[in-house]
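Enquirer: Quick one: sequence and predicted model below, then my questions.
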Amino acid sequence: MEPLLAYPDPLPPNVAMALDNAGYPWKSVSNTESVDSHEPEDGWSGAAIWAIDDPEGAFSLCRELRKRDMPLRPLLLMVSPEQLRELELREDLFDDFCVSPMQAGELEARLQHLFWRTGRGLRPELVEYGPLALNLETYQAVLNGKPMDLTFMEYELLKFLVSHPGKVFTRETLLSRVWGYEYFGGARTVDVHVRRLRAKLGEENAHLIDTVRSVGYRFGETRWGR
């Protein structure tokens with residue numbers, strides 16, 4: 001996902017933290033000139049504009065973003081309760097707005113709705129556990145931010161395990177759930193793929209796939225301890 005354009009620079013700490021916690025990459029700009037100089041190669045995914053401290057600067061920036069050959073969308077405006085009346089004649093400058101102070105998670109929820117509505121900047125569907133993240137759309141996996149070189153079936157097995165942390169699966173269950181009921185290979189296939197995954201996870205993370213004696217395998221920690 002390309003970064004969100006955020007205004008102003010620096011962003012208020014609570015807004016920056018909300019964007020970070022929501023998982024949205026962003027770059028802050030201080031004026032209309034820096035919009036172009038900071039713009040990513042594939043363009044901005046949208047904009048989050050804090051209009052409380054410098055409303056004129058914020059609305060001026062919104063006008064410029066809407067006057068582009070390709071008007072920037074989605075654009076979320078953050079205002080104070082006292083500014084609500086000002087929005088009535090400026091509805092063409094934004095797609096949605098938040099009133100500060102915002103409830104926990106409100107900024108993320110409104111951005112997600114805007115991205116869904118406009119079809120831009122959609123976050124990929126991820127499965128995550130600790131240092132691991134698997135992108136379900138691109139079949140890519142990263143460990144501590146670095147890409148993992150996985151075969152298709154290694155990826156499928158890891159995805160299944162990461163999606164069910166703490167649960168124990170027999171080899172036969174893994175064969176049927178990951179390889180499919182039509183697969184005629186033996187349980188040895190699971191052991192081979194687990195061994196390969198552990199090697200690719202490295203010494204520091206190989207323990208994430210735990211062998212449960214006489215049963216099968218478990219990924220991650222169980223809430224009952226060991």
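Expert: Alright, I've got the coordinates.
Enquirer: only C-alpha atoms for contact and neighbour calcs from this point on.
Expert: OK.
Enquirer: For the helix or strand of the chain with the lowest mean pLDDT, buried residues please.
Expert: Lowest mean confidence among the helices and strands of the chain (mean pLDDT, DSSP states H and E): helix 106-118, at a mean of 80. By 16 or more other CA atoms under 10 Å, the buried positions in helix 106-118 come out as L107, E108, L111, L114, F115.
Enquirer: The residues you listed into JSON lines, with extra columns for distance to S34?
Expert: Listed next are the buried residues of helix 106-118 as JSON lines, based on distance: CA to CA, whole Å:
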{"residue": "L107", "distance to S34": "24"}
{"residue": "E108", "distance to S34": "25"}
{"residue": "L111", "distance to S34": "23"}
{"residue": "L114", "distance to S34": "24"}
{"residue": "F115", "distance to S34": "24"}
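Enquirer: residue ranges for the strands of this structure, please.
Expert: Under the criterion DSSP state E, strands of the chain are mapped to 4-7, 26-28, 46-50, 75-79, 96-99, 126-129, 132-135, 140-143, 146-147, 168-170, 209-212, 216-219.
Enquirer: Quick one, which of the ones you listed gets closest to Y155.
Expert: Nearest to Y155, of all the strands of the chain, is strand 140-143, at 7.6 Å by CA to CA.
Enquirer: Need the contact partners of the least confident helix or strand of the chain.
Expert: Helix 106-118 has contacts (CA atoms under 8 Å, 6 or more residues apart in numbering) with A18, L19, A22, R73, P74, L76, D95, D96, C98, G121, L122.
Enquirer: residue ranges with poor pLDDT in the chain?
Expert: Across the chain, the ranges flagged by pLDDT under 70 are 1, 104, 118-124, 181-182, 222-226.
Enquirer: so where do the helices sit in it?
Expert: In the chain, helices defined by DSSP state H lie at 13-22, 33-37, 55-67, 106-118, 152-162, 171-174, 188-201, listed in chain order.
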